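Participant: Need a 3D model of the sequence below.
(chains A, B, C and D)
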Number of protein chains: 2
Amino acid sequence: MKKEKVRERIIRVASELFYKQGFNSTGINQIIAEADIAIGSLYNHFSSKNDLLQAYLLKEEENWFEGFESSVINISEPKEKILALVDYRKKLQQSSKFAGCHFIKIISEIGDSNPVVFDFVKKHKEKQKDLIKLLIINCGETSSASEPDITTDNIFLLIEGAVVTSTINKNSDSFGQVKKIVEGLLP
Amino acid sequence: MKKEKVRERIIRVASELFYKQGFNSTGINQIIAEADIAIGSLYNHFSSKNDLLQAYLLKEEENWFEGFESSVINISEPKEKILALVDYRKKLQQSSKFAGCHFIKIISEIGDSNPVVFDFVKKHKEKQKDLIKLLIINCGETSSASEPDITTDNIFLLIEGAVVTSTINKNSDSFGQVKKIVEGLLP
DNA sequence: GTCTATAACAAGATAGAC
DNA sequence: GTCTATCTTGTTATAGAC
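Facilitator: Residues are numbered from 1 along each chain as shown, chains lettered A, B, ... in the order given. The predicted structure is shown next:
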């Protein structure tokens, strides 16, 4: 494993703090202290705190899809892949002690005050939904009575609901509920 | 309509700002400016900004249930009441320009750093779910094949998912999707 | 109960030495 | 590229006059 560069370390530290404490509750001073760098160094790599926020979200999106891909690498059945997606979101929640979805969190915090970030999150969620749709279509024509679009909406909304609910309840129950429902939806 | 008292005006102004800008992005100075009072007055009514936050959430919960009750006052069929709940959440989103759920937002922002607030939100969501369960049970034994508990989880998660999704997409599409699914779920 | 003044501190960002 | 020192502004909260 090669040495972590300064820029990468800043993003990693900032990510943890933004995620655990919230973006607005995390100060530049705390970031530089925990990354063990000077403030001038930070502003050499990032033009502003907002710039750092964007780098954070970009990195998290990358992690999200890479993490999902590696979790389904040994699964061939499309239905199993959908269930694995539920398990993946569950695993993310558990390993973060139910800290929630990075993207829902940041939108809850900044609303639409930052159009670039808002648009990025919107597109990210579209990608997640597209991924579900692809898996649904691969489940074949012999699916349920519903059309694939409705099933896609259904599963997407259930998972999003499960994530926010598990964040509030600090447990994984909602993912178990979703799996039960999804198993009934798919052939 | 009787005159709005100072305390009520503070809560109203703070609520709007907390909701639209976020709790951490709203300063005491902005609240007193828009409520047109002095800072000493604010701290006479509330011991801290956190105290004001709790008053805000309490008021919003009150508004939430009152608003729901008045929206179903002329509906007798339990199934129609459930669909009216979806419409109610949709209406709340539309009238706030898709600003999201007060309770999900505050948890996204503060996490579990404030146990009192966290617990309040958790209990609030339990109340919402209990309300759904009651309506499901009133739909009668001739419900779907699923047990009432599973149907309750299903509808609760779908609605929560629809709220966060409509916040990110800034439209009501997800509520239409939920209504379609819910209609298929109930007798 | 409401006001003004101010304390005590932290925020994001910049300048310029090395 | 990294550092320290500093600027400006904003933060929550308190003291004490009226």
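Participant: Point me to the residue of chain A nearest DNA strand C.
Facilitator: A:Gly27 (2.7 Å; Cβ to the nearest atom of the strand). Any C-beta I mention is one placed from the backbone N, CA and C, and that applies to glycine too.
Participant: Could you pick out the residues of chain A near DNA strand C for me?
Facilitator: When proximity is defined as Cβ under 7 Å from any atom of the strand, chain A approaches DNA strand C at A:Thr26, A:Gly27, A:Ile28, A:Asn29, A:Gln30, A:Ile39, A:Gly40, A:Tyr43, A:Ser47, A:Ser48, A:Lys49, A:Asn50.
Participant: Of those, keep whichever come out buried.
Facilitator: A:Thr26, A:Lys49 (16 or more other Cβ atoms under 10 Å in any protein chain shown).
Participant: Where does the residue in chain A positioned nearest to DNA strand D sit, in terms of helix or strand?
Facilitator: At 1.6 Å from DNA strand D, A:Gly40 is the closest residue in chain A, using Cβ to the nearest atom of the strand. In the assignment (DSSP states H and E), A:Gly40 maps to helix A:39-45.
Participant: In terms of secondary structure, what does the following helix or strand past that helix contact?
Facilitator: Scanning forward in sequence from helix A:39-45 by DSSP H and E, the next helix or strand is helix A:49-71. Applying 3 or more Cβ pairs under 8 Å, 6 or more residues apart in numbering or on different chains; DSSP states H and E, one finds that helix A:49-71 contacts helix A:6-21, helix A:78-95, helix A:102-110, helix A:115-138.
Participant: Take the ones you listed and lay them out in a markdown table including mean pLDDT and distance to A:Thr165.
Facilitator: As requested, the helices and strands packed on helix A:49-71 are exported to a markdown table (pLDDT from 0 to 100; distance: least, Cβ to Cβ, whole Å):
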| stretch | mean pLDDT | distance to A:Thr165 |
| --- | --- | --- |
| helix A:6-21 | 97 | 19 |
| helix A:78-95 | 97 | 10 |
| helix A:102-110 | 98 | 12 |
| helix A:115-138 | 97 | 17 |
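Participant: Could you point out which of these sits nearest A:Leu57?
Facilitator: helix A:115-138 (5.8 Å; Cβ to Cβ).
Participant: neighbouring contacts of the closest one?
Facilitator: Applying Cβ atoms under 8 Å, 6 or more residues apart in numbering or on different chains, the external contacts of helix A:115-138 come out as A:50, A:53-54, A:57-58, A:61, A:64-65, A:68, A:78, A:81-82, A:85, A:103-104, A:106-107, A:110-112, A:143, A:148-149, A:151-152, A:155-156, A:159, A:186, B:165, B:168-169.
Participant: cool, and stretch A:151-161?
Facilitator: Residues contacting stretch A:151-161 (Cβ under 8 Å, 6+ apart): A:82, A:85-86, A:89, A:101, A:104, A:128-129, A:132-133, A:136, A:143-144, A:146, A:174, A:178, A:181-182, A:185-186, B:154, B:156-162, B:164-165, B:174, B:177-178, B:181.
Participant: ok, back up a step: so which of the helices and strands packed on helix A:49-71 is the most surrounded?
Facilitator: helix A:102-110 (a mean of 23; mean count of other Cβ atoms under 10 Å in any protein chain shown).
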